[in-house]
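Enquirer: Quick one, what's the 3D model for this:
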Amino acid sequence: MHSGHLPRQLGLSLPSPLQRFTPDWPGAEKVTLWVKRDDLIHPIISGNKWRKLSQLLAENASTAQHIVSFGGGFSNHLHALGWCCHQLGIEFTALIRGNYSASPTPMINDLCHWQANIRYLTKLDYKKRDDPDYVEQLRQQYPQALIIPEGGSQQSALSGVQALLEECHTTFDQIVTPVASGATMAGLIAGSNESQQVLGIAVLNGVGYLENLVAQFLPETADRRWQILHHHHHGGYARTSSPLLDLCEEMRQRYAIPVEPVYSGKVFFAVKQLLAQGYFAAGQRILLLHTGGLQGARIDPQGTS
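Expert: The predicted model follows:
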């Protein structure tokens, strides 16, 4: 299937809008802010989930019979991939960390509605998801299946992420993105030019770990024009705080930009703090990436992943 046909077949709206953002935040008047609204690509498959899967699906949509992938009980990746497989008539098996059979999450209910196969893994088995021997066992169990890593993070994801920068007909000094599995940030680094800095906001507690996830997708000779800030994860993955939830509400009500507290909400929260601290040089042009994933706002009140 030609890569241009798939977005039309799935009803996607591309390119996504590039929106000026002028919040009434201390320090914001010294810089120019833009938001790449990848949340508006589609109500279900949007943001970096589409970007990371676009190349893979374009290459395999016409031939794949079965796709298998990994995620937690609230996974945006499984949600997006499950919907795509349902639309394209491809069998889908979701390997989910933990057993939610007694109380399925909204995401799992959606997958069931889309006729996905749900398989719950113990946390011990889930830790083997990148182990070559374990993946080989899965290949034998599912001989016709395409096995996609957790989060859709594989080398082909980078070109899909780079495409969002190609859609921007404005130049930026800083590109700000959430970081969880590394491929989105790596794609932005690969697609940016030597005068641009890519700034990652860690959405989980992973100093060093996240840097390694990003670096694995980049050539060893790549310029180090990027860094990850680790002080804005609010306690860990899918953890929230009252100030973070207040900021998400402010974004929705005051600026009409809906964000969830797992990924993009933490980016806007971090940028608000960084602006107040004078982190960005005066006159800089800053792109904030809205990575979509708004179904993640359906997390439980305890914020567990």
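Enquirer: hey, where'd the helices end up in the stretch 101-250 of the chain?
Expert: 106-113, 123-126, 132-141, 157-166, 183-191, 209-215, 242-255 (DSSP state H, counting those that start in this stretch).
Enquirer: most packed of those helices?
Expert: Ranked by mean neighbour count, the helices of the stretch 101-250 of the chain are led by helix 183-191 with a mean of 26 (mean count of other CB atoms under 10 Å). For the C-beta atoms, the positions are set from N, CA and C on the backbone; glycine is no exception.
Enquirer: Point out the other helices and strands that it packs with.
Expert: Here helix 183-191 touches helix 47-60, helix 157-166, strand 174-179, strand 197-202, helix 209-215, strand 226-229, going by 3 or more CB pairs under 8 Å, 6 or more residues apart in numbering; DSSP states H and E.
Enquirer: Select, out of the helices of the stretch 101-250 of the chain, the one closest to residue 27.
Expert: Nearest of the helices of the stretch 101-250 of the chain to residue 27, taken as CB to CB: helix 242-255 at 15.3 Å.
Enquirer: Can I get the closest one in PDB, CA atoms only?
Expert: The C-alpha coordinates for helix 242-255 follow below in PDB (Å, rounded to 0.1, in the frame of the first residue of the first chain):
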ATOM      1  CA  SER A 242      -2.900  18.700  42.200                       C
ATOM      2  CA  PRO A 243      -0.900  21.500  40.400                       C
ATOM      3  CA  LEU A 244      -0.500  19.300  37.300                       C
ATOM      4  CA  LEU A 245      -4.300  18.500  37.200                       C
ATOM      5  CA  ASP A 246      -5.000  22.300  37.700                       C
ATOM      6  CA  LEU A 247      -2.700  23.000  34.700                       C
ATOM      7  CA  CYS A 248      -4.500  20.500  32.600                       C
ATOM      8  CA  GLU A 249      -7.800  22.200  33.500                       C
ATOM      9  CA  GLU A 250      -6.300  25.600  32.700                       C
ATOM     10  CA  MET A 251      -5.100  24.400  29.300                       C
ATOM     11  CA  ARG A 252      -8.600  23.100  28.500                       C
ATOM     12  CA  GLN A 253     -10.600  26.000  29.800                       C
ATOM     13  CA  ARG A 254      -8.500  29.000  29.200                       C
ATOM     14  CA  TYR A 255      -6.500  28.000  26.100                       C
END
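Enquirer: Dump whichever helix or strand comes after that helix to CSV, restricted to CA.
Expert: Per DSSP states H and E, the first helix or strand lying C-terminal to helix 242-255 is helix 264-276. Taking Å, rounded to 0.1, in the frame of the first residue of the first chain, the C-alpha atoms of helix 264-276 are listed here in CSV:
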residue,chain,number,x,y,z
SER,A,264,1.5,16.4,27.1
GLY,A,265,0.2,17.9,30.4
LYS,A,266,3.6,17.4,31.9
VAL,A,267,5.2,19.1,29.0
PHE,A,268,3.1,22.3,29.4
PHE,A,269,3.6,22.2,33.1
ALA,A,270,7.3,22.0,32.7
VAL,A,271,7.4,24.8,30.1
LYS,A,272,5.4,27.1,32.4
GLN,A,273,7.9,26.6,35.1
LEU,A,274,10.9,26.9,32.8
LEU,A,275,9.6,30.2,31.4
ALA,A,276,9.2,31.6,34.9
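Enquirer: where's residue 65 relative to residue 193, distance?
Expert: Counting by CB to CB, to the nearest Å, the gap from residue 65 to residue 193 is 41 Å.
Enquirer: quick one: which of these two has more around it?
Expert: Legend: neighbour count by other CB atoms under 10 Å for residue 65 and residue 193, higher for residue 65 (12 against 9).
Enquirer: Now do the contacts for that one.
Expert: Residues counted as contacts of residue 65 (CB atoms under 8 Å, 6 or more residues apart in numbering) are 90, 91, 144, 145.
Enquirer: The last one contacts residue 60, doesn't it?
Expert: If I follow you right, that is residue 145. No - the pair residue 145 / residue 60 is not scored as a contact, 10.8 Å apart, by CB atoms under 8 Å.
Enquirer: Now do the shared contacts for these two.
Expert: Common neighbours of residue 145 and residue 60, using CB under 8 Å, 6+ apart, are residue 67.
Enquirer: in the stretch 201-305 of the chain, what spans have low per-residue confidence?
Expert: Scanning the stretch 201-305 of the chain for pLDDT under 70 picks out 296-305.
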